[in-house]
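**Student:** Sequence plus predicted model, see below.
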Amino acid sequence: MFGLVDCNNFYASCERVFRPELEGRPVVVLSNNDGCVVARSQEAKALGLKMGVPYFQVKAEFEQRGGVACSSNYELYGDMSRRVMWYLQQRAPAVEIYSVDEAFLDLHGMQQHFDLAGWAGDVRGAVRQRTGIPVCVGVAPTKTLAKVANRLAKKDALAGMGAGVLVLDDEAQRREALSRVPVQDVWGVGHKNAGKLYAVGVRTAAQLAGVGDAWARKNLGGVVGARLLHELRGFSCSGVVVEPDVRKSVCKSRSFGQVLSEMEQVAGAVATHAARAGEILRHDGLAARLLTVTVETSRFANMPPPYSSSAQLTLPVATDDTLTLTKWAQRGLERIWRPGLRYVKAGVVLDGLERAGVNQQASLFGDVATSPARAKLMRALDALNGRFGTGAVKVAAAVPAPGTREPWGMRRNAKSPAFTTKWGELWQVKC
DNA sequence: TCTGGGGTCCTAGGACCC
DNA sequence: TCTGGGGTCCTAGGACCC
């Protein structure tokens, strides 16, 4: 059996842990630049706010009805996530941290020793007590069915039924559960496939489990679709993965806080992303052979039509050196730059990752990136930024003009403190 | 005025190589 | 008259997940 623990309204719940005055009020958390609604408390959902809606479209009414909007605070959410995951790891023999707010638990063999519903309810209560985060738990013979069980546990808890826990352990329960889930809510069925399924009259997960294998293979992404059907029918096709795979890419991209048209300013953003990506490579002991730079103008403007472009460069030697990555990133930007446009976003992607220092062919001309002195410089850079904060030491291209703040910097008008990760922002208790 | 970020996996065509 | 097979690199896009 598999368990799926999913935090309820995770980002909004994190905000509430340290701001109890938000309890009972509609709360939303906004994406970077305070752009879109990315998390909603139950009260905000009840007001009809949709996931992903641009905040400016709903702001006036939401605030007038007593709603509170928070800028995203990923430092806080990351730390709260670590607390939840750490506790789950104490309770289950194997845990797959699937996302910031979800984990699969390996419960094989446990039903012989525990009443799983009771056990899951206990875990749920303990997570709430220890971290302040409410969760729901689904338990079933496959990961896909555990997702279904979790979804129904949440729905029932909201309707005042059940205890935020649902175990599907026999055929009748499985069938009943699948009949209650719309096909577009099944894990692995996205927007496009839901459309195809509706077109042939498949509306529920139960109906999906009954479509022919050949049809699924042809229309739902080949082997991916076939696996999905098996899992819905109760045959497990994937286990709990405790060790995450070695990463295959690093992507750093961000919308600017304002429209930019000067290459020097966009270059500053690109240099910042290249440096952050380099930091991640060094942290993971990896080096990149391919570097892609991307830029975009607004997708929502009609005149001039939206422009987006990318340039992929093959580096002569795989590297994790920030100065080298920055240099190549600037070249990439020059290749795709079109003057006179209103850019809103830029990014850097690193692919072709290999273990740093292993199997790297030296360049004919002795690329400086492989030199021990440069490796030492990078260690010093990381140590300084670790001690004094990200961006304490930067490449010159990422430094804004004297006396100005970063023109590409984010808007974040309502960010809560880093309650758990910065000494200066700890919760204050007044006696 | 204002519309997120970070991933994985797959497909496909053109240029080029042997 | 008969015109291959296998590979990489690049760009672009589509599907899915959170």
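**Tutor:** Done, it's in.

**Student:** give the contact list for the spatially closest residue to residue A:15 that is not a sequence neighbour.
**Tutor:** Once flanking residues are discounted, residue A:15 sits nearest to residue A:70: 5.0 Å by Cβ to Cβ, 6 or more residues apart in numbering. The way it works is simple: take the backbone N, C-alpha and C, and place the C-beta from them, glycine included. By Cβ atoms under 8 Å, 6 or more residues apart in numbering, residue A:70 lies in contact with A:11, A:12, A:15, A:27, A:28, A:29, A:30, A:414, A:415, A:416.

**Student:** Does residue A:70 lie in a helix or a strand, and which?
**Tutor:** strand A:68-71 (DSSP states H and E).

**Student:** now that strand, how far from the centre of its chain.
**Tutor:** How far strand A:68-71 lies from its chain's middle: 19 Å, per Cα atoms, centre = their mean, to the nearest Å.

**Student:** Show the contacting residues for the closest residue to DNA strand C within the stretch 251-400 of chain A.
**Tutor:** In the stretch 251-400 of chain A, the residue that lies nearest DNA strand C is residue A:312 (2.9 Å; Cβ to the nearest atom of the strand). Listed by Cβ under 8 Å, 6+ apart, the contact set of residue A:312 reads A:290, A:291, A:292, A:332.

**Student:** out of those residues, which is most surrounded?
**Tutor:** Neighbour counts for the contacts of residue A:312 peak at residue A:291, which has 25 neighbours (criterion: other Cβ atoms under 10 Å).

**Student:** What residues are recorded as beta-bridge partners of that residue?
**Tutor:** Counting by DSSP bridges, residue A:291 is bridged to residue A:313, residue A:350.

**Student:** Quick one: check the strand holding residue A:70 for contact with DNA strand B.
**Tutor:** No - Strand A:68-71 stays clear of DNA strand B (Cβ under 7 Å from any atom of the strand), getting no nearer than 11.2 Å.

**Student:** Pull that strand out as CSV, backbone CA atoms only.
**Tutor:** Extracted C-alpha coordinates of strand A:68-71, given in CSV (Å, rounded to 0.1, in the frame of the first residue of the first chain):
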residue,chain,number,x,y,z
VAL,A,68,-5.4,39.4,2.8
ALA,A,69,-2.8,38.9,0.1
CYS,A,70,0.7,37.8,0.8
SER,A,71,3.7,38.0,-1.5
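
**Student:** what's downstream of that strand, the next helix or strand?
**Tutor:** helix A:74-91.

**Student:** So the following helix or strand past that next one, near DNA strand C or not?
**Tutor:** Later in the chain than helix A:74-91, the nearest helix or strand by DSSP H and E is strand A:94-99. Yes - using Cβ under 7 Å from any atom of the strand, strand A:94-99 reaches DNA strand C at A:98, A:99.

**Student:** I'd like the next helix or strand past strand A:94-99.
**Tutor:** According to DSSP H and E, the helix or strand after strand A:94-99 is strand A:102-106.

**Student:** Pull out the buried residues from the longest helix along chain A.
**Tutor:** Looking across chain A with DSSP state H, the single longest helix is helix A:263-284. By neighbour count on 16 or more other Cβ atoms under 10 Å, the buried set for helix A:263-284 is A:263, A:265-282.

**Student:** from these, which are also near DNA strand B?
**Tutor:** residue A:280.

**Student:** And the helices in the stretch 51-200 of chain A, which stretches?
**Tutor:** For the stretch 51-200 of chain A, applying DSSP state H, counting those that start in this stretch gives helices covering A:55-64, A:74-91, A:116-131, A:143-158, A:171-179, A:191-199.

**Student:** What are the contacting residues of the third one?
**Tutor:** Okay, so that is helix A:116-131. Contacts of helix A:116-131 (Cβ under 8 Å, 6+ apart): A:1, A:3, A:5, A:17, A:80, A:83-84, A:87-88, A:91, A:107, A:110, A:133-137, A:139, A:163-165, A:167, A:169.

**Student:** Just the buried ones from these?
**Tutor:** Applying 16+ other Cβ under 10 Å to the contacts of helix A:116-131 flags A:1, A:3, A:5, A:17, A:80, A:83-84, A:87-88, A:91, A:107, A:110, A:133-137, A:139, A:163-165, A:167 as buried.

**Student:** Could you give the average pLDDT over the longest helix of chain A?
**Tutor:** For helix A:263-284, the mean pLDDT works out to 93.

**Student:** can you check stretch A:223-242 too?
**Tutor:** 87.

**Student:** Kindly report the same for stretch A:335-353.
**Tutor:** On average, stretch A:335-353 scores 90.

**Student:** now stretch A:307-327
**Tutor:** The model assigns stretch A:307-327 a mean pLDDT of 89.

**Student:** Show me which residues of that stretch are buried.
**Tutor:** Buried residues in stretch A:307-327 (16+ other Cβ under 10 Å): A:307, A:311, A:315-327.

**Student:** go on, stretch A:406-425?
**Tutor:** Residues A:406, A:407, A:408, A:409, A:410, A:416, A:417, A:418, A:419, A:420 are the ones in stretch A:406-425 that count as buried (16+ other Cβ under 10 Å).

**Student:** what sits up against that stretch?
**Tutor:** Against stretch A:406-425 from outside (Cβ under 8 Å, 6+ apart): A:15, A:17-19, A:30, A:32-34, A:69-73, A:75-76, A:79-80, A:254-258, A:260, A:265-266, A:268-269, A:272, A:346, A:400, A:426-427.

**Student:** same for the helix or strand of chain A with the lowest mean pLDDT, what does it pack against?
**Tutor:** Ranked by mean pLDDT, DSSP states H and E, the helix or strand of chain A with the weakest confidence is helix A:213-219, at a mean of 81. Applying 3 or more Cβ pairs under 8 Å, 6 or more residues apart in numbering; DSSP states H and E, we find helix A:213-219 packed against helix A:223-232.

**Student:** Can you list the strands that the next helix or strand after the helix it packs on pairs with?
**Tutor:** Sequence-wise, the next helix or strand downstream of helix A:223-232 (DSSP H and E) is strand A:250-260. Sheet pairing of strand A:250-260 (DSSP bridges) gives strand A:343-355 (antiparallel).
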